[in-house]
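**Student:** predicted model follows, preceded by the sequence.
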Amino acid sequence: MSGSVRVTVPATSANLGPGFDALGLALELHDVVEAELTDGGIEVLVSGVGAGEVPLDGDHLVVRTMRAAFSSLGVDASGLRVNCTNTIPHSRGLGSSAAAIVAGVLAARALAGAPDDAGAALALAAELEGHPDNVAPCLLGGLTIAWSSSGKAMAVALDVHPDVRPVVFVPAESLSTEAARGLLPASVPHAAAARNAGRAALLVEALTRRPDLLLDATEDELHQPYRAPAMPETLALVKDLRGRGFAAVVSGAGPSVLALTVADQRIGDVPGWQVLDLPVERRGAVTTRSDGADRYEMVARGG
């Protein structure tokens, strides 16, 4: 229980159309959390996105996560100093809460001297987030497929075809995940679920080996149509882009839009939206621990 730690975590886009609560993609837009133990009290500094808006005490999500992680390890940490440098937009469907949770779990495990264990980190992060579709790609990088086995979150990471180039359209307005999930029905037609299962399977092939299949592979009937009342502009942009041949979907719970373009496709500016060209983040979360003069870098995917 000594030294300091720095954790770099990527933005993520979950669902990717038909892969509801299962598929996720890591993107090259990062938050950085630096943490160290102190003799007592909580000190939180935030710069970038969320500065002046998020709590600067024990209610901060990174701090709450670190405390939960310490507790799971049987460790008592009396005080913490946490410095967050944020670039991931909040409440836009780009995994900002997942990033904070993954950073908190990894920071606490590193400070406690726990062994590198991506499985244990994923299980706790998914428990705290409530579902694994964002925390898995944030932790592991690339394209991830997440599921639950005996109540424990599991995931595999796959490399994305080099021709796939994600583009994200971020609106000025935010939308909470809870509000978006509240619009989903308790059941859907069996035929729609079957079509989505086929599209989700096809999407794995499209993202890893056959980018020419992305438009068909990103069709969704399971969640996006039901969320339209909460974000009509988002669904209108998805429809417009798809009509022009781009594989566009709602990013996570929205309201951002993700377009999975290929090497020869160009969309250009869209009035009223911030356009971000975000390559796939292939490494996932990176932890750098400092113990005096020595530094140790750990990549979760290889841990």
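**Tutor:** Sure, I can see it.
**Student:** residues in contact with whatever helix or strand residue 227 lives in?
**Tutor:** Residue 227 belongs to helix 224-227 when assigned by DSSP states H and E. By Cβ atoms under 8 Å, 6 or more residues apart in numbering, the surrounding residues in contact with helix 224-227 are 17, 180, 183, 184, 185, 235, 238, 249, 250, 253, 254. Backbone N, C-alpha and C define where each C-beta goes, glycine included.
**Student:** name the residues of that helix that are buried.
**Tutor:** By 16 or more other Cβ atoms under 10 Å, the buried positions in helix 224-227 come out as 224, 227.
**Student:** helices or strands next to the following helix or strand past it in the packing?
**Tutor:** Using DSSP H and E, the next helix or strand after helix 224-227 towards the C-terminus is helix 232-243. If you count contacts as 3 or more Cβ pairs under 8 Å, 6 or more residues apart in numbering; DSSP states H and E, helix 232-243 packs onto helix 224-227, strand 248-250, strand 257-261.
**Student:** pipe these into TSV and attach distance to residue 148 and mean pLDDT per row.
**Tutor:** TSV is the format used below for these (distance: least, Cβ to Cβ, whole Å; pLDDT from 0 to 100):
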stretch	distance to residue 148	mean pLDDT
helix 224-227	23	90
strand 248-250	23	98
strand 257-261	24	98
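**Student:** ok, which of these comes nearest residue 165?
**Tutor:** Proximity to residue 165, assessed across these by Cβ to Cβ, is greatest for strand 257-261 (4.9 Å).
**Student:** list the neighbouring strands of the closest one plus their orientation.
**Tutor:** Strand pairing for strand 257-261, using DSSP bridges, gives strand 165-170 (antiparallel), strand 248-250 (antiparallel).
**Student:** any residues touching it, and which ones?
**Tutor:** For strand 257-261, using Cβ under 8 Å, 6+ apart, the contacting residues are 13, 16, 25, 164-169, 207, 211, 214, 218, 234, 237-238, 241, 246-251, 267, 273.
**Student:** out of those, which are buried?
**Tutor:** Neighbour-count burial (16+ other Cβ under 10 Å) is assigned, among the contacts of strand 257-261, to 13, 16, 25, 164-169, 207, 211, 214, 218, 234, 237-238, 241, 246-251, 273.
**Student:** longest strand anywhere in the protein?
**Tutor:** When the chain is parsed with DSSP state E, its longest strand is strand 23-38.
**Student:** what's that one packed up against?
**Tutor:** strand 4-14, helix 61-72, strand 79-86, helix 96-111, helix 135-140, strand 143-149, strand 165-170, helix 190-208.
**Student:** please identify the most buried of those.
**Tutor:** helix 135-140 (a mean of 33; mean count of other Cβ atoms under 10 Å).
**Student:** let me see the mean pLDDT of that one.
**Tutor:** In this model, helix 135-140 carries a mean pLDDT of 97.
**Student:** ok, and what's touching it?
**Tutor:** Contacts for helix 135-140 (Cβ under 8 Å, 6+ apart): 9-12, 14, 24-26, 95, 98-99, 101-102, 106, 118, 121-122, 125-126, 129, 143-146, 153, 155, 157, 284-285, 300-301.
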